[in-house]
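Chemist: how does the following fold in three dimensions:
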Amino acid sequence: MSPIFADGRKIETSKDKTIFDYADSLKLRVPTSCGRTGECHECIIEIKRGSSALSNPTESETFLKTNYRLACQTSVTDLTEEVEFSTLRRQPKILTSSINRNVPLNPNVKKSDGFVVRNHSTIDKYKGNIYGIAGDIGTTTIVLNLVDLESGVTILTSSFENPQKFGGSDVMNRISYDGGQFNGELQQVIISAINFEIGMMTKKASVHRRHIYDAVFVGNTTMRDILFGIDVQTIGEKPYKSLIQTSYENGLLSSTSLSTTASEIGLRIFPNAHVYSGPLISAHVGSDISADLLAISMDEKENAVMLVDIGTNTEVVIGNKYKMVTASCPAGPAFEGGEITYGMPGYDGAVESVVINKKNVAEISTIGGQNVTGICGSGLVDLLAELRINEIMSPLGVLKDGAEYFRFSVSEKMDLSRADISALAQAKSANYSGQYIALRHYGKPIDEINTMYLAGGFANYINIENAKQIGFIANFPDNKIIKAGNTSLEGATIMLRSVSMRDRIESLVTNISHIELETTPDFFDIFVEGCMFKPMPTKIS
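Modeler: Here you go, the predicted model:
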């Protein structure tokens, strides 16, 4: 009999066991709320290899694309073939640090005379605690903060992989999926995943989930609107606007922020809890970037600064409290584990840093010091920069002597191929082009911009010099670059702690001009230049 592999672990196969049974034996976290009957659609797993050795998909699994199955519905029928699967509940390397902005505590929900009160209306009897939940709903990763709203203290932070991956690794694919026959599945699975995580967090913190009376979630336009159950099809078509943004522009809404109750969207906290998401900025630039601006105090800046929030979609904002410009760069998932042969998110075993020695051999380190299972974004940035520094790869991305690949892990025989380099060049160029065009549009040279803030978990772990070396980020002096951490989560937490800050960001976003990159006359020329692995010019014209 052949073993079954899961998330870097191994177990022997046996008859009449489901994938869920194997996950139980390996103590892997797989959510379910239906008793493993296939009804809740929560226990989604990704099949890495050996799909032919599995039972045929059931009717409960028709909503899933190839290589995705429900753990409770799938069993191994051919015990001679190796099978590998991964859960969609893996916890990435959690970024707990970020810029911290202290604001006066002014929550939406407060204690008053033995009652829990919102907007001067009693919503519950006070039972000893008032908590809130803040979340950054990313395309790849979800991060949540559990906050004590009486003290403002964050009790617990947790993160997990976005289980909507089965609908596509980027927002355009998820928009397409949500417009098909399985409309609503993406919302159901994300709500279920958040509920599962809240359950784990409240259990760990010895908190009752019904003592969570307020919630703030932010995300890019697509992720946010899917979470709130809004049709996202218009976001995938020119001019790439949410129905909410269009209604706002037509005077039908006073804001692009969203508000509902926990019971209305199925969030398992206090049923009448208020659920809020900050305002959109424009098109794909969503409430996560609004949250960023609060976190870095953009509403107070007299001098110009630049924010680069790096992710599947990278967003750029340049300006101060008086004037801002923004652009969205559809970078795709290449630096977050997608499209690259051995690419993976930042989980244990991922190569996170690389140095090539004088013998042209890669010296690597992995997250958690575990055996190599792949390479994550920070490792890819290092590897590309080291290939250039050691002249193993040309600025065009061509490997020396016409080689088809470079081996970065000898022990595991893992390579970076020519196709991988091409995919990374295009993803990098999306970041390059957005930053370049935004800088040019704003009209100030780099030396007149006070600070560049790098936001997001991925940005926190990259080597800045290497990122500049390949043109992944603008060529600012090191002393002007600040790794700001998860500013989207910090901004969401600020909005949770203070309703006044919600009003502040609602006002601020009205002063932001959106640049449509694809309509820039020389966009193609800039994109081609950005595909080259070399630093961005310091003088942009």
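
Chemist: so where is the stretch 1-150 of the chain shaky, pLDDT-wise?
Modeler: 1, 89-98 (pLDDT under 70).

Chemist: show me the helices in it, by range?
Modeler: Remark: helices assigned in the stretch 1-150 of the chain by DSSP state H, counting those that start in this stretch are 19-25.

Chemist: just the stretch 301-450 of the chain next, same as before
Modeler: So, for the stretch 301-450 of the chain - with DSSP H, counting those that start in this stretch - the helices run 377-389, 418-442.

Chemist: including distance to Gly471, could those helices go into JSON lines?
Modeler: From N, CA and C alone the C-beta is placed, and that goes for glycine too. Rendered in JSON lines, the data for the helices of the stretch 301-450 of the chain read as follows (distance: least, Cβ to Cβ, whole Å):
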{"stretch": "helix 377-389", "distance to Gly471": "10"}
{"stretch": "helix 418-442", "distance to Gly471": "5"}
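
Chemist: need the winner for burial among those.
Modeler: Of all the helices of the stretch 301-450 of the chain, helix 377-389 has the most neighbours on average by mean count of other Cβ atoms under 10 Å, namely a mean of 25.

Chemist: report all helices and strands that that helix contacts.
Modeler: Judged by 3 or more Cβ pairs under 8 Å, 6 or more residues apart in numbering; DSSP states H and E, the packing partners of helix 377-389 are strand 350-356, strand 362-366, strand 405-409, helix 418-442, helix 457-461, helix 464-469.

Chemist: I'd like the mean pLDDT over the fourth one, please.
Modeler: If I follow you right, that is helix 418-442. Helix 418-442 comes out with an average pLDDT of 95.

Chemist: ok, and what's touching the helix or strand that comes right after that helix?
Modeler: Heading C-terminal from helix 418-442, the first helix or strand you meet, by DSSP states H and E, is strand 452-455. Under the criterion Cβ atoms under 8 Å, 6 or more residues apart in numbering, residues 99, 292, 295-296, 305-310, 460, 462, 464, 473-474, 476, 480-488 lie in contact with strand 452-455.

Chemist: mind doing that once more with 6 Å?
Modeler: Among residues not part of strand 452-455, those counted as contacts by Cβ atoms under 6 Å, 6 or more residues apart in numbering are 292, 296, 306-309, 476, 480-484, 487.

Chemist: check stretch 367-377 too.
Modeler: Outside stretch 367-377, the residues that touch it by Cβ under 6 Å, 6+ apart are 8, 93, 335-336, 342, 344, 346, 348-352, 366, 409, 412, 458.

Chemist: about what we covered before: could the contacts of strand 452-455 go into CSV alongside distance to Lys27 and neighbour count?
Modeler: Below are the contacts of strand 452-455 laid out as CSV (distance: Cβ to Cβ, whole Å; neighbours: other Cβ atoms under 10 Å):
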residue, distance to Lys27, neighbour count
Asp292, 36, 30
Ile296, 40, 23
Met306, 44, 25
Leu307, 40, 25
Val308, 38, 27
Asp309, 35, 27
Phe476, 45, 21
Lys480, 46, 16
Ile481, 41, 20
Ile482, 39, 14
Lys483, 34, 17
Ala484, 35, 24
Thr487, 34, 28
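
Chemist: now render those as JSON lines, adding distance to Glu529.
Modeler: Compiled in JSON lines, the contacts of strand 452-455 are given as follows (distance: Cβ to Cβ, whole Å):
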{"residue": "Asp292", "distance to Glu529": "27"}
{"residue": "Ile296", "distance to Glu529": "29"}
{"residue": "Met306", "distance to Glu529": "20"}
{"residue": "Leu307", "distance to Glu529": "23"}
{"residue": "Val308", "distance to Glu529": "18"}
{"residue": "Asp309", "distance to Glu529": "23"}
{"residue": "Phe476", "distance to Glu529": "18"}
{"residue": "Lys480", "distance to Glu529": "23"}
{"residue": "Ile481", "distance to Glu529": "22"}
{"residue": "Ile482", "distance to Glu529": "27"}
{"residue": "Lys483", "distance to Glu529": "26"}
{"residue": "Ala484", "distance to Glu529": "27"}
{"residue": "Thr487", "distance to Glu529": "29"}
